[in-house]
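Trainee: Next one to model:
(2 chains, ligands or ions: 2)
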Amino acid sequence: MRLVGTSAPRAEGEAKLTGRARYVDDLPLTDFLWGLTVRSTIPYGRILSVDFDAGADWSGVTIVTAKDVPGKNVVVLLEQDQPILAADRVMHREEPIVLLAHRDRDRLWELASRVRIEYERWEPVLDIDASLALEQRLFKDDNVFKAIRIDKGDVEAAFARAARVFERTYETGLQEQAYIENQGMVATWDAAAGRLEVVGSMQCPYYVLKGLCPIMGLAPEQVVVEQAATGGAFGGKEDYPTILAAHASLLSYKSGKTVKMIYDRVEDLVATTKRHPCRTRIRTALDASGSILAMDVDATMDGGAYCTLSPVVLSRGTIHAGGPYNFENIRVESRVVATNTPPNGAFRGFGAPQTIFAMERHMDNLARELGRAPHELREEYLLRPGQTTAFSQNVGDDVYALDIQREAVARTRFEERRRECEEFNRSSRWERRGIGLATFLHGAGFTGNGEVVLDSRLKVEVTADGLVQIYSANTEMGQGKDTTFSQIAADSMGLPMARVRIITPNTARVPNSGPTVASRTAMVVGYLVQEACGAVRKALEAHAGRTWRDPDDFASLAAAHHRERGALEGWSRYEPPPGKVWDDKVYRGAAYGAYAWACYVAAVRVRLDTLEVTVESFDAFQEVGRVLNPVIAEGQIEGGVVQGIGYALCEEVKMKDGAMANANFTNYIIPTFADVPAVKVHFAERPYPFGPFGAKGIGELPMDGPGPALASALTHALGVEVNRIPATPEHLLELLGNE
Amino acid sequence: MSEEGELTTIRCTIDGRPHEHRCHPLASALDFLRYVAGLTATKEGCKEGECGACAITLDGVVVNSCVVPAAHLQGRRVGTVEGLSRPDELSALQKAFLECGGAQCGICTPGMLVTGARLLEEGERLTEARIREHMAGNLCRCTGYGKIVESLLRASEEER
Ligand code: FES
Ligand code: FES
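Mentor: Numbers count the residues shown, from 1 in each chain, chains lettered A, B, ... in the order given. Ligands and ions are numbered 1, 2, ... in the order given. A predicted model of the protein is given here:
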């Protein structure tokens, strides 16, 4: 094993550093049309008429409305409630109604304003309360896309004997993925061949393929989807690209030309999915000595106008709501509801950052209430080997919660620095300092039986000249998958990385190894790379009657195989780890194959005049199985932490009349170089037997900790509970004003 | 580009090579580079001067090309990421990015490199604080910035 564990340079790094990497907007195209979307300007109502201003010149313009959809006008996901183009009613602002295409992009922008849409306005439902009050029925009878309940122990009995009850409510806001490359797609319909080709920025080519077929009325064999270099995604390019791909395809289908659609920043912000806002109420039953008897958690998320992936976001959020704790009695009830706002969707963490925020804030507030240090109270309840989570999974030996928190507390001098801050606060007139922490776990891979249902497959091929080619549908979007897969393959084959090639994800060429989401790629699919390499290695050794000495020897053995027996390939297929059972009906059992365990420590300084917050230090401790590539793994954690700092402090989506009112980078503020400290990343490694070389998934993990750790630090600094994020200066002023 | 309205001829050098293209004078320098000259190495992130993905140098000064009219390129020296390396060798800064993990998804990278290269040219020994201040107009959503800071520090050390 020579490459795994080293910081091998990024496989596609040179292309990106020289500007040669081709993102969707960089693809050389000849003879194509630009596409544009005309969107609803009201949140809820009936479409009365769509007219095209007779005073404008519509020559050469391709126009597509719901009537032009050749197949079914539906985005097939978990439900079939969302049309690809609104036909008779609109459910949210910025809902696509008309598509236009023309050779001249400027002309298109002008023409978009000449499409006149008349509506009958209905009273919209714009928040969770209005939805639950059934002010309008937007989805089925109850406006609930999905509700979940988890039970462990006897919560009612525990509350009945409680000496007192401690209750708080926590809120997290919308968050925008804010990948720097906006969404974009190019579609080409070849009528003669009956073939549709789509290339673009995406996480999941097979999701796009599956979504396109019913809309276009095509068989899967007629559709090819390819990923272009992708400039960040974070979940934002999990489900939404299907919609954009379908729009470009509809325009191409009608015009017979290649159609390119590239959102600009404003459109990307107002129209695409965001992180679900969430409100969580936690009640705790305490006995007379302050011990926790039971937890009662109730979480509600806002799904927006259509179901999209909301049920699975809720599922991950619900499972993570109990945190890394062993509570004898706990109940989690949750639901995600419909409102007349643009649909929310996948975003790194997928529901977990919301509920983890609530639980970690609550543990902190409880500690405060009981006059104990935040880490001390947590220590008592953190999971030990053999204990069970809120969803009744016995974690066996795969538990590292206590160790990671102890390490974090010791190495950051947490207790000492807490005292230092308190001393500082007694003497400073203008500033306050605080330090806080959050301890959490994050499950990697699809939830429950999800991986079995995905049934991922992967192929490794050895060419006649001795190149090892990996065929998988998993996409590189910055997380370093091309590199870690290459390292895994190279070590599995005993070859240098230069002998490994990653095949571009294209549905005509690669098998479906599942979506690139849920922290599953390195752990679940990386393991498939290792296994397929094992298969190909065995085949070659069997044929040659020996193993190879070096890369040249390997190449000559591979050439001999090709001459004598033909192509050389190995396949792998997902097998669940033994003994992991999940019951979806009662939400109990092995929710995930493995968990990463973490404790994040943040220190802040707050100016009392402006309430401006400076993050003075941020330490991220986590146990991740095995680090495949330290530079890449650190980069994932650092990037996630900074995205989490934005979530906690400054990223606020301001909604007005059902639409994002601050849709640009001037007013939706993501952290810059100047806003964040150097994030310190610390890894603990305890190999996971079913990850490649022991690795667990880490992609989402860093999104969970910064929100609660920073709110904890702010609470410590200001002496008021910070239970809502983003904790903007305006919000802090509200809190302090109340004191 | 619009078919309507006057087109104007813009002559400039881009990464040392002379260019001459007809273009709408109100088009942005970014659109001129990408859609008229066909040079797609410079990226668009926001088109409103907020992200730095489109950074280029104009006579050696870093600007966001999305907010500069194409007409301003007339007769000037334009520098993009493509001018930073020789055909078969990365610059010290690019190598540092490769080693330190300064690029992830890569969409902000051309802008980071152009802005960072200009900072290195100033020749002073870089500090983390100086880098964070100088680079604050360039957004990155992947790295959390730490690895870009490291890349610049390493390149700065190597240049000495
Ligand atoms: S595209 Fe020019 S600053 Fe963002
Ligand atoms: S590397 Fe993706 S935005 Fe910077």
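Trainee: Flag every residue of chain B that's near ligand 1.
Mentor: Taking CB under 6 Å from any ligand atom as the contact definition, chain B meets ligand 1 at B:44, B:45, B:46, B:47, B:49, B:50, B:51, B:52, B:53, B:54, B:64, B:66. Yep, even glycine has a C-beta here, placed from its N, CA and C like the rest.
Trainee: what do you get if the cut-off is 5 Å, keeping everything else the same?
Mentor: By the rule CB under 5 Å from any ligand atom, the part of chain B lying against ligand 1 is B:44, B:45, B:46, B:49, B:51, B:53, B:54, B:64, B:66.
Trainee: Please list the members of those that lie in helices.
Mentor: Nothing among the residues of chain B next to ligand 1 maps onto helices, per DSSP state H.
Trainee: Of the residues you listed, which are in range of chain A?
Mentor: For chain A, the contacts drawn from the residues of chain B next to ligand 1 by CB under 8 Å from any CB of the partner chain are B:44, B:45, B:46, B:51, B:53.
Trainee: These: which two are farthest apart?
Mentor: Greatest spacing in these, by CB to CB: B:44 and B:51 (8.7 Å).
Trainee: and residue A:126, how far is that from chain B?
Mentor: Residue A:126 sits 27 Å away from chain B when distances are taken as CB to the nearest CB, to the nearest Å.
Trainee: How many neighbouring residues does that residue have?
Mentor: Residues lying near residue A:126 (other CB atoms under 10 Å in any protein chain shown) number 20.
Trainee: Kindly report the same for residue A:707.
Mentor: Around residue A:707 there are 32 other residues, counting by other CB under 10 Å.
Trainee: Can you identify the element that follows the helix or strand containing it toward the C-terminus?
Mentor: Element membership for residue A:707, per DSSP states H and E: helix A:706-718. Using DSSP H and E, the next helix or strand after helix A:706-718 towards the C-terminus is strand A:724-725.
Trainee: for that following strand, the distance to its chain's centre please.
Mentor: Computed by CA atoms, centre = their mean, to the nearest Å, the separation of strand A:724-725 from the middle of its chain amounts to 20 Å.
Trainee: now do stretch A:175-195
Mentor: The answer for stretch A:175-195 is 20 Å, by CA atoms, centre = their mean.
Trainee: Over to it now: how far is its first residue from its last?
Mentor: Using CA to CA, to the nearest Å, the end-to-end distance of stretch A:175-195 comes out at 37 Å.
Trainee: Can you list the buried residues in it?
Mentor: The neighbour-count check on stretch A:175-195 (16 or more other CB atoms under 10 Å in any protein chain shown) flags A:175-189 as buried.
Trainee: close to ligand 1, is that stretch?
Mentor: No - between stretch A:175-195 and ligand 1, judged by CB under 5 Å from any ligand atom, nothing touches; the nearest distance is 8.2 Å.
Trainee: hmm, that stretch touching chain B?
Mentor: Yes - contact of stretch A:175-195 with chain B (CB under 8 Å from any CB) involves A:177, A:178, A:179, A:180, A:181, A:182.
Trainee: What's the nearest residue in chain B when you look at chain A?
Mentor: Per CB to the nearest CB, residue B:41 is where chain B lies closest to chain A, at 2.4 Å.
Trainee: So which of residue B:44 and residue B:51 has more stuff around it?
Mentor: A count of neighbours by other CB under 10 Å puts residue B:51 above the other of residue B:44 and residue B:51, at 28 against 25.
Trainee: okay but that one is in contact with residue B:30, surely?
Mentor: No - judged on CB atoms under 8 Å, residue B:51 makes no contact with residue B:30 at a distance of 11.5 Å.
Trainee: Please report the distance of residue A:646 from residue A:658.
Mentor: Look at residue A:646 and residue A:658: by CB to CB, to the nearest Å, they are 24 Å apart.
Trainee: Please identify which of the two sits among more neighbours.
Mentor: With neighbours defined as other CB under 10 Å, residue A:646 and residue A:658 compare such that residue A:646 has more, 25 against 22.
Trainee: Can you pull the domain assignment for chain B?
Mentor: What the record gives for chain B is the domain set B:8-83, B:92-159, from automatic domain parsing.
Trainee: An error on my part: the question was meant for chain A.
Mentor: Following automatic domain parsing, one gets these domains for chain A: A:13-21+A:450-573, A:31-122+A:184-262, A:278-384+A:401-447+A:584-736.
Trainee: and stretch A:153-168, how far from the chain's centre?
Mentor: The chain centroid and the centroid of stretch A:153-168 are separated by 34 Å, computed with CA atoms, centre = their mean.
Trainee: Enumerate the positions of that stretch that are buried.
Mentor: A:153, A:155, A:158, A:159, A:162, A:166, A:168.
Trainee: do stretch A:720-732 as well
Mentor: When burial is assessed from 16+ other CB under 10 Å, stretch A:720-732 yields the following buried residues: A:721, A:722, A:723, A:724, A:725, A:726, A:727, A:728, A:731, A:732.
Trainee: who touches the closest residue to ligand 2 within the stretch 51-200 of chain A in this structure?
Mentor: Per CB to the nearest ligand atom, residue A:180 is where the stretch 51-200 of chain A lies closest to ligand 2, at 4.1 Å. With contacts defined as CB atoms under 8 Å, 6 or more residues apart in numbering or on different chains, the neighbours of residue A:180 are A:231, A:232, B:43, B:45, B:51, B:53, B:105, B:107, B:108, B:139, B:140, B:141.
Trainee: Can you check the pLDDT for residue B:26?
Mentor: pLDDT recorded at residue B:26 is 89.
Trainee: Please determine how far it is located from residue A:263.
Mentor: Relative to residue A:263, residue B:26 is positioned 22 Å away (CB to CB).
Trainee: More neighbours: those two, which one.
Mentor: It is residue A:263, of residue B:26 and residue A:263, that has more neighbours when counted by other CB under 10 Å, with 21 against 15.
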